[in-house]
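**Q** could you work out the structure for the sequence below:
(chains A, B, C and D)
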There are 4 protein chains.
Amino acid sequence: MVKEPIVAINFKAYPTAFGRKGLEIAKAAEKVYKEFGGNVEVIIAPPATELRIIKQNVEILVFAQHADPMTLGSRTGWLPIELIKDTGVDGVLINHSEHRLRLDEINVLVRRARELGLTSLVCADVPETGAAAAVLKPNIIAVEPPELIGTGVAVSKAKPEVVTNSVSLIRSVNKEVIILTGAGITSSDDVEAAIKLGTSGVLVASAVMKAKDPEKVIRDMAQAALKAWESRK
Amino acid sequence: MVKEPIVAINFKAYPTAFGRKGLEIAKAAEKVYKEFGGNVEVIIAPPATELRIIKQNVEILVFAQHADPMTLGSRTGWLPIELIKDTGVDGVLINHSEHRLRLDEINVLVRRARELGLTSLVCADVPETGAAAAVLKPNIIAVEPPELIGTGVAVSKAKPEVVTNSVSLIRSVNKEVIILTGAGITSSDDVEAAIKLGTSGVLVASAVMKAKDPEKVIRDMAQAALKAWESRK
Amino acid sequence: MVKEPIVAINFKAYPTAFGRKGLEIAKAAEKVYKEFGGNVEVIIAPPATELRIIKQNVEILVFAQHADPMTLGSRTGWLPIELIKDTGVDGVLINHSEHRLRLDEINVLVRRARELGLTSLVCADVPETGAAAAVLKPNIIAVEPPELIGTGVAVSKAKPEVVTNSVSLIRSVNKEVIILTGAGITSSDDVEAAIKLGTSGVLVASAVMKAKDPEKVIRDMAQAALKAWESRK
Amino acid sequence: MVKEPIVAINFKAYPTAFGRKGLEIAKAAEKVYKEFGGNVEVIIAPPATELRIIKQNVEILVFAQHADPMTLGSRTGWLPIELIKDTGVDGVLINHSEHRLRLDEINVLVRRARELGLTSLVCADVPETGAAAAVLKPNIIAVEPPELIGTGVAVSKAKPEVVTNSVSLIRSVNKEVIILTGAGITSSDDVEAAIKLGTSGVLVASAVMKAKDPEKVIRDMAQAALKAWESRK
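**A** The predicted structure is shown next:
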């Protein structure tokens, strides 16, 4: 359902993530996706408040940044995954480093996403938790090598093992899950490195959301992704 | 900014709270509001995913069910109150019984709501916490007498003290906050009782959201509210 | 380090779990352990407030019911695993159904327990989360088939699959972890069934802690465990 | 039940907080208490694992750093306040800045502490939350002026208003609660300032727990407290 390579953009709650600005970046992502003939999967993950409107306005994959592992009903201020599904989104991020979940909740969300036809993208902080999450059979796992989070070190400059270790440990329990690099992505060089190291693309945030020209950054990253992906064949 | 009496409808995450159904109930609330010439404040609190679209479609007060007590930025899957404000809403529920918050978080949200021009509606479980919350000077407090939560006992049938105690304890520290009855409301009789016991209206959920004819329930409650309110003058 | 079969007793925070009563049950567990010549591993998990005193008074394995996944330092009211270790305990329960943890926290606790020489016992709610936890290489996993939690159905009466499915899924990713049955244990028949279905023993709570004669219950369970274990050879 | 002035020492989970070291500091606190003829209330708050043993070994007030707002029973890894009470402690810290609680939980803990004969000491981050907490009628409130937390600014060097504002706002809703200064205390000068600014003493942690000679620090602070207290009469 999801194609590779992937450039997934987490809007987070940046000032550019919502309202007119958020829609503009969503449109830019769609434009790039079309320029590359759909050969790079450009996924966007806007805040919950924007999902309906953005999904109505773009023809690319839209993911929620989170869903609550509960059923519909008396849930004031929570967003059960069924409610998230109703906005029209295609998938959901689960267990992002800024929104960690309990193991049992991750399991419920991955299972419910599958039942509802939503693509699940689980984040994991180290190779071990990536492999543990892989046992739950989500569609996508984004690994966030701790050596790259908040250290300013980019994937393209880091020791290759920080990514390849995650890939091999995850592959030891799950041959099919799509693996993304979810930290240390600041430039198209990093996108290229991420794919050369064995993952299928990137989950990126500030490099796009804080850019002066987000469209250009997305285009550069998509191009790098496509080139690296094709050179791997 | 908010008028009295008040009928506030918490959509929660009921199956009727979102999509076409949610918009229908929002429209019904607006219709009743206009029928009464704006003399009853009909407030609706839909899920976060619906706020933008509903706010664009109705001319009544729309509240969020929750906001997260954090600033904009790297907040994957969270909804900072600034982001909530941007959807166009007029106010925000804080500390609902299904979404309890830390005391310091309640304080931050009430203060930020004030700074952003949002009306704050804090829920409290017992007279003591209602009074504690009142010290923080929110615009509205909804008291949920524990004798009425999940017991099936309605305000109109309960001992008057369960409401009057809350009112007097809250008034001992705050003369101005608007007080609502936030539990035990299943019929227009309960709305009448809530107002006669000294509160300015009700926060209601299932009685509307699970009704066969939500519009009729809202109308009956608005009428009861107006009648009881005028008889108090 | 831990022998099989195992009868592990979770004291929880029952009225019998602490003070004189708690020490009595600890002593009873030790007595049974010695009667069986150490051939059944009887493990006790008292509340944190009791760990030092109980550990000083019995010569059996004592586990904490929980530890916090943080380092020593400014941690008011928390119990970092290093602090728990200092009480003299031999191991720690992690992710009990009444104290669920985030996946990243489970990983940190299992790793730190290993580094500190503590035996880790991770609880899991369904076969999938049991297998995910097994990837983290704890020493012991207790599976709690949801069909048996709070339903009053005992392991000895349930469909065998509720246990054997967990065992086979866990074994597919980890050949060495010790597996316990962690729900549905009310009698020595259940202990026997748990072991015959392929686990190495039980994690039990109310059946001992609420018994009129806890020592007798522990003895019966230890005997059933030993008998079933030997018949499996 | 609690005398003034007060020097309360939060052991936190520092490496000196438990085992032999923890007991030594507890003994040092007792020694100072006796030197001053009981005219300065020296309170210690060790980790939960140490409460029984320390309480058996010293004749000063011992507080828990936290208690869980739940009843006894199936509460694996939690420490209900009844269980904490059974260790023999005299009181309990509630809502410390490192262990913030929900408003409803603070209310339950203050009420249960009162019913169980435990002294409640509620921490609050700003004057507003201090006043809100004061409405719940705890025995003691420790205010932690945000200007003093983690900024390295000491009470004795700060603008007086950071403390006096808290005192006056709390007094506007509660005339009787004992107020402590809970941040910015690194020396006996700070203890003196805290009392001169209208509070009854201090809640201190690292200044004692990380000292080369904790006994000397406690003695200096007790002396400063007594002197400032007497000069206020």
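
**Q** so residue A:133 makes contact with residue A:95?
**A** Yes - at 7.1 Å, residue A:133 and residue A:95 qualify as touching, with contact defined as CB atoms under 8 Å. From N, CA and C alone the C-beta is placed, and that goes for glycine too.

**Q** intersection of neighbour lists for these two?
**A** Shared contacts of residue A:133 and residue A:95 (CB atoms under 8 Å, 6 or more residues apart in numbering or on different chains): A:106, A:122, A:124, C:103.

**Q** now for these, which sits with the most neighbours around it?
**A** Counting neighbours by other CB atoms under 10 Å in any protein chain shown, the top entry in the shared contacts of residue A:133 and residue A:95 is residue C:103, with 31 neighbours.

**Q** so that residue sits against residue A:95, correct?
**A** Yes - contact status for residue C:103 versus residue A:95: in contact at 6.6 Å, counting by CB under 8 Å.

**Q** quick one: common contacting residues for those two?
**A** Joint contacts of residue C:103 and residue A:95 (CB under 8 Å, 6+ apart) are A:101, A:106, A:124, A:133.

**Q** how many residues are close by residue A:157?
**A** Using other CB under 10 Å, residue A:157 is surrounded by 13 other residues.

**Q** residue A:122 in helix, strand or coil?
**A** Secondary structure assignment for residue A:122 (DSSP: H, G, I helix; E, B strand; the rest coil): strand.

**Q** coming back round to it: and the shared contacts of residue A:133 and residue A:95, which is closest to residue B:190?
**A** residue A:106 (41.1 Å; CB to CB).

**Q** in chain A, what residue spans correspond to strands?
**A** Ranges of strands in chain A, per DSSP state E, are A:6-10, A:41-45, A:61-64, A:91-94, A:119-124, A:140-143, A:178-181, A:201-204.

**Q** low-confidence ranges in chain A?
**A** A:150 (pLDDT under 70).

**Q** buried stuff in the helix ranked longest in it?
**A** Secondary structure of chain A per DSSP state H: the longest helix is helix A:214-232. By neighbour count with 16 or more other CB atoms under 10 Å in any protein chain shown, helix A:214-232 contains the buried residues A:214-215, A:217-226, A:228-229.

**Q** find the nearest non-adjacent residue to the residue of chain A most remote from its centre, please.
**A** No residue in chain A sits farther from the centre than residue A:74, which is 29.8 Å out by CA atoms, centre = their mean. Closest residue to residue A:74 apart from its sequence neighbours, by CB to CB, 6 or more residues apart in numbering or on different chains: residue B:12 at 5.3 Å.

**Q** list the residues that contact that neighbour.
**A** Contacts of residue B:12 by CB under 8 Å, 6+ apart are A:73-76, B:47, B:65, B:98, B:205-206, B:209.

**Q** apply 6 Å and report the result again.
**A** A:74-76, B:205 (CB atoms under 6 Å, 6 or more residues apart in numbering or on different chains).

**Q** so which of those is the closest to residue B:81?
**A** residue A:76 (16.0 Å).

**Q** correct me, but residue A:95 touches residue A:101?
**A** Yes - counting by CB atoms under 6 Å, residue A:95 does reach residue A:101; the two are 4.8 Å apart.

**Q** of the two, which one has the most company?
**A** The neighbour comparison of residue A:95 against residue A:101 (other CB under 10 Å) goes to residue A:95, with 29 against 23.

**Q** next one: the more buried one relative to chain C, how far apart?
**A** As judged by CB to the nearest CB, to the nearest Å, residue A:95 and chain C stand 7 Å apart.

**Q** got the phi and psi for that residue?
**A** Per-residue torsions, residue A:95: phi 70, psi 40 (degrees, to the nearest 10).

**Q** again with residue A:2
**A** Dihedral angles (degrees, to the nearest 10) for residue A:2: phi -100, psi 130.

**Q** redo the buried residues of helix A:214-232 as CSV? Include distance to chain B.
**A** Putting the buried residues of helix A:214-232 into CSV (distance: CB to the nearest CB, whole Å) gives the following:
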residue, distance to chain B
A:214, 16
A:215, 22
A:217, 17
A:218, 19
A:219, 24
A:220, 22
A:221, 19
A:222, 22
A:223, 26
A:224, 24
A:225, 22
A:226, 26
A:228, 26
A:229, 26
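
**Q** farthest-separated two in those residues?
**A** Applying CB to CB across the buried residues of helix A:214-232, the maximum distance is between A:214 and A:229, 21.8 Å.

**Q** which bits of chain A sit near chain C?
**A** A:100, A:102-104, A:106-107, A:125, A:128-129, A:131-132, A:135-136, A:173 (CB under 6 Å from any CB of the partner chain).

**Q** let's see that with 7 Å instead.
**A** Proximity of chain A to chain C (CB under 7 Å from any CB of the partner chain) is limited to residues A:95, A:100-104, A:106-107, A:125-126, A:128-129, A:131-133, A:135-136, A:173.

**Q** just the ones of those residues in helices?
**A** Per DSSP H, those map to helices at A:103-104, A:106-107, A:128-129, A:131-133.

**Q** which among those residues gets closest to chain D?
**A** Using CB to the nearest CB, residue A:104 comes nearest to chain D of these, at 14.6 Å.
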